[in-house]
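Participant: just need the structure, nothing else, for what follows:
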Amino acid sequence: MAGPNIGRDIKHRGTLFGASADEYERIRPGYPRAAVCAVADHAMSAAAVEAGGEVLAPDKLRVLDVGSGTGKYGRALAELGLDVHAVDPDPALLEINQLPSTVGRAEELPFADASFDLVVSAQAWHWFDAEAASAEFARVLKPGGVAAVVLNQLDVRHDWVMRLSRIMHAGDVYRPRWRPQLGTDFGPIQARIDEFSVPMTIDDTVALTATRTYWLRSNDTVRARVEDNLRGYLTEEHLVSEPFDLPYMCLTYMAQKQ
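Facilitator: Model (predicted):
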């Protein structure tokens, strides 16, 4: 299955979200701890094998968070003790990232070969040229290193959430059987799904929509129509009591460099 068709204007991506960085950080959901721990554990196990069975201390595991944005996923890894560095094309996002960071793109990572034990892309893979990014992930990974692609998305297995996602023009609906194209440098992909929910108000839902690509690229007339449709849906067609739980699922894909 192909990923969502939301465009590949990579140069425009470099500055698209910076103007709303604070709101993006506030309203976008974090990641389930179990999903983050699974990636860290997988990378640490792989590093131990490469080290001849020696278990590395977490702070010895070097991680590159590619397309880090405001750093939600990278910070979750850092909270586990891992040594995380962020890279993103948007300096405005990196200003509030809180991780050591470098401006750069997935297709041309400004790092030496074999520099990292784990390279992750959370909520950014769809903006990359998959072939070029995969080759760069493999280049900067140490032998046996792990690449991980992580996606939070609305859980559209619920009919009302599917309808909501369409009104929001969410643009990020992957089927669970989808797999990122990581290329021949990597072994088989391991996948997991973690379900979670986020308490929301109707105003929060509008604010979340305002961090989406469709909204950011639209004029005021289109934005007003989308907001009216959202409020109408949640107060009339699918009446909710505030706060309500908005279902998500976190899709995690991991593969080891061969």
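Participant: determine the set of other helices and strands touching the helix or strand that contains residue 137.
Facilitator: Assessed by DSSP states H and E, residue 137 sits inside helix 130-140. On a contact count with 3 or more CB pairs under 8 Å, 6 or more residues apart in numbering; DSSP states H and E, helix 130-140 meets strand 62-66, strand 116-122, strand 141-154. Where C-beta positions appear, they are placed from N, C-alpha and C, glycine not excepted.
Participant: tell me which residues of the longest one are tucked away?
Facilitator: This means strand 141-154. Residues 141-142, 144-154 are the ones in strand 141-154 that count as buried (16 or more other CB atoms under 10 Å).
Participant: got the contact list for residue 254?
Facilitator: Neighbouring residues of residue 254 by CB atoms under 8 Å, 6 or more residues apart in numbering: 38, 39, 42, 146, 147, 148, 189, 190, 191.
Participant: now do the strands in this structure.
Facilitator: Ranges of strands in the chain, per DSSP state E, are 62-66, 83-88, 101-103, 116-122, 141-154, 190-200, 244-256.
Participant: would you turn these into CSV with distance to residue 22 and mean pLDDT?
Facilitator: Formatted as CSV, those follow (distance: least, CB to CB, whole Å; pLDDT from 0 to 100):
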stretch, distance to residue 22, mean pLDDT
strand 62-66, 19, 99
strand 83-88, 15, 98
strand 101-103, 17, 98
strand 116-122, 19, 98
strand 141-154, 19, 97
strand 190-200, 18, 97
strand 244-256, 21, 97
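Participant: could I get these as JSON lines with distance to residue 174?
Facilitator: Shown next, in JSON lines, are the strands of the chain (distance: least, CB to CB, whole Å):
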{"stretch": "strand 62-66", "distance to residue 174": "18"}
{"stretch": "strand 83-88", "distance to residue 174": "22"}
{"stretch": "strand 101-103", "distance to residue 174": "27"}
{"stretch": "strand 116-122", "distance to residue 174": "14"}
{"stretch": "strand 141-154", "distance to residue 174": "6"}
{"stretch": "strand 190-200", "distance to residue 174": "11"}
{"stretch": "strand 244-256", "distance to residue 174": "6"}
